[in-house]
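Enquirer: my questions concern the predicted model and sequence given below.
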Amino acid sequence: MSLETSLELNNQLLTQHNALLERLITALASGVALRPDTVAQVQEYRETVPETKAENTVIRKVTLDDLEFSDIIALAAFYPDAQELSETMVQRVVDYRDAEGDKRVVQIDALDSALQGVKRAGHLNKPALLDLSRNILRFWDDLPTIATRRDFAERLLDAPADGRHEVKPKTSGKDEERTGPFYCKNVDGSAASELHTLRKLNELLKKGHIEITRVEYLQLQEDFARKNAAKGGTEAGDDAGDNAGEQADFAALRKKAEGLILQLAKGGYRAEAVAILEKQGAKKLGEVADENLADVIAQAEKALEG
């Protein structure tokens with residue numbers, strides 16, 4: 001209560017007191033008894049503080065419907081087995097929303113990216129989306145690309161609810177359907193080959209060679225030609241100089257790959273960038289082996305074009 005209001009109430013109290021005293025004096029002087037009902041009642045001022053009662057707040061239990069689309073994907077990855085939703089589980093997936101850098105999980109982001117492209121997934125209720133995500137994660141190793149994950153998701157959605165456990169990824173006849181040419185390189189990337197039969201490719205793969213794309217094969221051929229020209233058109237040269245040249249080439253490739261991955265991320269294609277790194281078994285570019293940088297570059301350029 002303000003000071004002015006307090007003073008005004010005190011003044012009113014004094015006025016009432018004075019009026020009562022005046023009536024008492026008049027009554028005594030006249031000898032007339034003062035009747036109780038004629039006595040002005042003095043109102044006592046008392047500053048009161050309104051009592052505040054704590055409201056009975058009912059805390060509603062969080063359900064799957066309170067979570068976002070991406071939260072459900074994270075929940076499926078963190079907890080692949082069905083269980084009752086707890087506060088700890090909810091807090092973990094909510095915290096993942098703001099995770100950055102090494103705290104991001106490649107598998108979660110890759111699955112999120114895949115299901116974002118499945119229109120029917122966006123219309124599922126949250127329990128159904130959780131079930132779909134867990135079914136895909138069961139066969140994750142058999143679904144290496146975003147296309148195979150989306151195709152498997154569509155097939156799961158086509159199946160009746162009680163028959164989804166019978167749906168399996170398509171794997172039969174994959175190698176037999178492939179036709180050449182094929183490309184591979186040795187482990188250290190010092191040689192690359194073009195092959196025209198699947199049998200020959202499989203033979204080299206068993207010996208430790210690595211299959212590469214045509215783009216990477218052509219890039220390696222350019223590197224070989226450039227190194228040969230720097231040596232005066234011969235393959236002769238000391239090992240130290242050759243190793244230095246290879247390191248310089250890898251440094252240039254890494255710088256180019258870094259620029260392309262950054263361009264994808266800033267251009268709204270972060271999921272594609274994550275998927276490219278995932279194919280190399282890496283969460284960040286620094287974990288990609290030198291011999292795989294050309295493949296990263298080729299995939300990034302393709303993603304930017306399409």
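Expert: Noted; the coordinates are in hand.
Enquirer: flag the shaky bits of the stretch 1-150 of the chain, pLDDT-wise.
Expert: By pLDDT under 70, the weakly predicted segments of the stretch 1-150 of the chain are 1-7, 17, 24, 27-59.
Enquirer: helices of that one, residue ranges please.
Expert: Here the stretch 1-150 of the chain has its helices, by DSSP state H, counting those that start in this stretch, at 3-30, 69-78, 87-96, 106-116, 126-138, 146-158.
Enquirer: could you dump those helices to CSV with distance to residue 198?
Expert: Every residue, glycine included, has its C-beta placed from N, CA and C. Shown next, in CSV, are the helices of the stretch 1-150 of the chain (distance: least, CB to CB, whole Å):
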stretch, distance to residue 198
helix 3-30, 95
helix 69-78, 35
helix 87-96, 42
helix 106-116, 28
helix 126-138, 29
helix 146-158, 20
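Enquirer: need those helices in TSV (columns: mean neighbour count).
Expert: Output for those, formatted as TSV (neighbours: other CB atoms under 10 Å):
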stretch	mean neighbour count
helix 3-30	11
helix 69-78	21
helix 87-96	14
helix 106-116	21
helix 126-138	18
helix 146-158	17
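Enquirer: residue 192 is nearest to which of the ones you listed?
Expert: Closest to residue 192 of these is helix 146-158 (CB to CB; 26.4 Å).
Enquirer: and the next helix or strand past the closest one?
Expert: Downstream of helix 146-158, the first helix or strand assigned by DSSP states H and E is strand 182-185.
Enquirer: note down every partner strand of that following strand and its orientation.
Expert: If you go by DSSP bridges, strand 182-185 pairs up with strand 192-195 (antiparallel), strand 210-212 (antiparallel).
Enquirer: returning to that earlier point: quick one: closest of the helices of the stretch 1-150 of the chain to residue 250.
Expert: Of all the helices of the stretch 1-150 of the chain, helix 106-116 sits nearest to residue 250, with 23.1 Å by CB to CB.
Enquirer: please name every helix or strand in contact with that closest one.
Expert: Judged by 3 or more CB pairs under 8 Å, 6 or more residues apart in numbering; DSSP states H and E, helix 106-116 is in contact with helix 69-78, helix 126-138, helix 146-158, helix 270-279.
Enquirer: with just CA atoms, put the helix or strand that contains residue 202 into CSV.
Expert: Here residue 202 sits within helix 198-206, counting by DSSP H and E. Taking C-alpha atoms only, helix 198-206 is exported to CSV below (Å, rounded to 0.1, in the frame of the first residue of the first chain):
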residue,chain,number,x,y,z
LEU,A,198,32.4,-59.0,-62.3
ARG,A,199,34.5,-62.1,-61.8
LYS,A,200,37.7,-60.2,-62.3
LEU,A,201,36.5,-57.5,-59.9
ASN,A,202,35.7,-60.0,-57.2
GLU,A,203,39.1,-61.6,-57.6
LEU,A,204,40.9,-58.3,-57.0
LEU,A,205,38.6,-57.4,-54.1
LYS,A,206,39.5,-60.6,-52.4
